[in-house]
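Novice: Coordinates for the following, if possible.
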Amino acid sequence: MSFSALILSIDRPVTIGRHPSCFYRVRPSNGGVLVSCEDFSTNGLILNGHKIRRTSVLLMDGDIIQIPHSQKFECVHVLKAPGHKANIFDPTPPREASLKTKRIGRYLVTSHCLGSGSFATVHLAMDTTAYRQVACKTIKRKNHDKIEKVMKEVDILLSLDHPNINRVWAARHDSSFLNIFLELCTGGDLFSYIVGHKNSRLCEGETKYIMFQLLKGLKYLHDRLISHRGPENILLHTPGPYPRIQIGDFGLARPKAYQETFNVCGTVSYLPPEGILALDHKHLGYVGMPADCWSAGVIMYIMLASVITALPL
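Specialist: Numbers count the residues shown, from 1 in each chain. Here you go, the predicted structure:
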């Protein structure tokens with residue numbers, strides 16, 4: 001029996017097939033490694049028994065991907081994040097957690113965690129009808145939450161449709177959780193992309209291309225009187241140079257953004273002067289849309305001047 005191995009390294013994509021599928025290794029912001037596969041073929045690929053076509057997916061350790069009626073490949077992550085012991089009685093090394101799945105409507109949500117924060121956890125999921133992977137953002141509902149208010153805000157996001165805005169496909173809720181299904185970006189985040197370049201900076205041409213997309217996305221939001229209040233959350237739709245970017249994470253977004261707000265939020269390094277002032281003077285406020293533009297300017301400076309010198313620790 002013969003075996004074929006595809007060995008991936010950062011910034012060296014591998015292609016297979018006549019109408020190729022491209023495989024990339026990507027550095028996410030939280031460390032570790034992501035393996036991304038973008039399909040350009042006519043017949044698509046089969047990922048863990050699910051057909052995918054003309055889309056980009058993430059390959060997790062142990063995933064099986066197959067060219068229809070041809071070769072199968074198993075994804076093996078040689079470099080893995082170290083397993084941490086939760087207590088002194090944990091086995092050494094810790095046991096690998098078995099993959100779990102849960103069906104929510106047309107979506108099959110897996111236990112593969114893409115990220116977590118104070119308010120939400122993001123899991124990898126499969127849209128079994130549209131033949132694509134998605135991200136499932138799960139938010140734990142609080143007892144005093146009014147689902148009508150939450151869903152009203154989600155409905156605003158569902159109505160957004162722009163190539164530089166991370167798309168919300170659907171939202172489902174029960175008595176315990178709100179699940180928001182998002183377009184999956186497989187190229188990592190802009191900050192990690194910048195750090196991966198020589199001297200941690202981008203050339204003027206690529207910076208101009210990314211800024212053009214960012215400002216188009218912000219204009220689309222501002223025309224609808226929505227401020228993002230955190231446009232440093234920029235994702236790469238797929239890996240590779242001169243990437244298509246998307247503004248993501250609308251947890252801080254605010255409608256009626258022409259009105260002054262007294263609720264200062266977002267990353268301090270990206271706040272405008274009036275936002276910084278409002279941190280210590282609670283009677284002062286600031287307007288979301290101009291703040292977005294200031295944050296975009298900070299991002300442009302980081303791309304050109306390197307993140308190492310732009311945002312000192």
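Novice: mind listing the strands for the stretch 151-300 of the chain?
Specialist: Secondary structure of the stretch 151-300 of the chain (DSSP state E, counting those that start in this stretch): strands at 168-173, 177-183, 226-227, 234-236, 245-247, 254-255, 260-261, 286-287.
Novice: Can you lay out those as CSV showing mean pLDDT and distance to Pro272?
Specialist: All C-beta spots, glycine's among them, are computed from the backbone N, C-alpha and C. Shown next, in CSV, are these (pLDDT from 0 to 100; distance: least, Cβ to Cβ, whole Å):
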stretch, mean pLDDT, distance to Pro272
strand 168-173, 92, 27
strand 177-183, 92, 28
strand 226-227, 84, 12
strand 234-236, 93, 18
strand 245-247, 94, 18
strand 254-255, 58, 15
strand 260-261, 60, 12
strand 286-287, 70, 7
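Novice: Need those in JSON lines (columns: mean neighbour count and distance to Leu218).
Specialist: Below are the strands of the stretch 151-300 of the chain laid out as JSON lines (neighbours: other Cβ atoms under 10 Å; distance: least, Cβ to Cβ, whole Å):
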{"stretch": "strand 168-173", "mean neighbour count": "18", "distance to Leu218": "17"}
{"stretch": "strand 177-183", "mean neighbour count": "20", "distance to Leu218": "18"}
{"stretch": "strand 226-227", "mean neighbour count": "24", "distance to Leu218": "9"}
{"stretch": "strand 234-236", "mean neighbour count": "23", "distance to Leu218": "11"}
{"stretch": "strand 245-247", "mean neighbour count": "25", "distance to Leu218": "7"}
{"stretch": "strand 254-255", "mean neighbour count": "16", "distance to Leu218": "13"}
{"stretch": "strand 260-261", "mean neighbour count": "14", "distance to Leu218": "17"}
{"stretch": "strand 286-287", "mean neighbour count": "18", "distance to Leu218": "14"}
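Novice: Those: which one's closest to Leu124?
Specialist: strand 177-183 (11.1 Å; Cβ to Cβ).
Novice: The closest residue to Gly188 other than its chain neighbours: what's it in contact with?
Specialist: Nearest residue to Gly188 in three dimensions, chain neighbours excluded: Val26, at 4.4 Å (Cβ to Cβ, 6 or more residues apart in numbering). Residues near Val26 by Cβ atoms under 8 Å, 6 or more residues apart in numbering: 10, 33-36, 186-188, 192, 239.
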